[in-house]
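> mind looking at a prediction? Sequence and model below.
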Amino acid sequence: MKLAFLASHGGSAARQIASACASGALVGVPVALASNNSRSPALLWAQESGLKWAHLSSARIPDPDVLDATILEFLVDSGADTLVLSGYMRELGPRVLGHFAGRVVNVHPSLLPRHGGRGMYGDRVHGAVLAAGDPESGATVHLVTQGIDEGPILAQSRVPVLPGDTLETLKARVQATEGDLMLQALRTLQESSTPQPAQR
Ligand SMILES: Nc1nc2c(c(=O)[nH]1)N[C@@H](CN(C=O)c1ccc(C(=O)N[C@@H](CCC(=O)O)C(=O)O)cc1)CN2
Ligand SMILES: NCC(=O)N[C@@H]1O[C@H](COP(=O)([O-])[O-])[C@@H](O)[C@H]1O
């Protein structure tokens, strides 16, 4: 599994996946990371880790179709066969989704389909969970399709929402589950694409 990442901020899932590849906990090689945010800590981590990296944003490339094509060219040049959205806050385009069909995964910090869709990202999600008075929350790793947060779910983690929880305490409890959840989902994806020996 050759892994590329798109990240807008810290890239916490990307870092955990790279550590798992280094330790052998996941059979894979991180090869590239692109960010729409030139100052993202994820981009600095990619540079320091020797990954192929790029700053690809609508500020630099205003035409969404050209940006989609440029992101695809970057990913194809990296040799990646699997794409991980690691806190990527922009809509992925049809060219990238077409080329990597069934090989793009995203982690979302709620129990989809609750609290997903356009406008639902980062702290906004945890705020919505608290405002709704949900007794539990969690994270969801799903295959990425054109509709935001509508793709098939691969794995979910569940955590309680505790009395007195703040956005920060809930966020920390949910984020603590995301790395292992992403590894679980990537192993499932790997097994589903590994040809099984013919049954005699
Ligand atoms: N084609 C798809 N692209 C992306 C998906 C997806 O399912 N299909 N998931 C998102 C990740 N995500 C939720 O997990 C998400 C990211 C961003 C937004 C959003 O509303 N973004 C704002 C811009 C915010 C910003 O730039 O800081 C917007 O688009 O107006 C919602 C959900 C990644 N891409
Ligand atoms: N809708 C996507 C979304 O909200 N993703 C969430 O953004 C955070 C990114 O953290 P990071 O920048 O430290 O990796 C993660 O918690 C992830 O679930």
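Cool, got the structure. Just so you know, these numbers come straight off a predicted model, no measurement behind them. Ligands and ions are numbered 1, 2, ... in the order given.
> how close does the spatially closest residue to residue 37 that is not a sequence neighbour sit to residue 156?
For residue 37, the nearest residue in space outside its immediate sequence neighbours is residue 8; the separation is 5.1 Å by CB to CB, 6 or more residues apart in numbering. Placement of C-beta: from N, CA and C, glycine included. Per CB to CB, to the nearest Å, residue 8 is found 22 Å from residue 156.
> more neighbours, those two?
Under the criterion of other CB atoms under 10 Å, the comparison of residue 8 against residue 156 puts residue 8 first, with 20 against 17.
> residues touching the more buried one, list them.
Residue 8 is in contact with 35-37, 40, 42, 87-90, counting by CB atoms under 8 Å, 6 or more residues apart in numbering.
> got it, and residue 5?
Under the criterion of CB under 8 Å, 6+ apart, the contact partners of residue 5 comprise 11, 13-14, 17, 30, 32-34, 42, 46, 83-86.
> picking that back up, pull out the buried members of the contacts of residue 8.
Buried members of those, counted by 16 or more other CB atoms under 10 Å: 35-37, 40, 42, 87-88, 90.
> which ones among those are found in strands?
In this view, these that belong to strands under DSSP state E are residue 35.
> of the buried ones among the contacts of residue 8, which pair is most distant in space?
The most widely separated members of the buried ones among the contacts of residue 8 are 42 and 90, with 13.5 Å between them, by CB to CB.
> so what's the most centrally placed residue in the chain bridging to?
Within the chain, one residue has its C-alpha closest to the average C-alpha position: by CA atoms, centre = their mean, that is residue 85, at 2.6 Å. Residues found in beta-bridge contact with residue 85 (criterion: DSSP bridges) are residue 6, residue 106.
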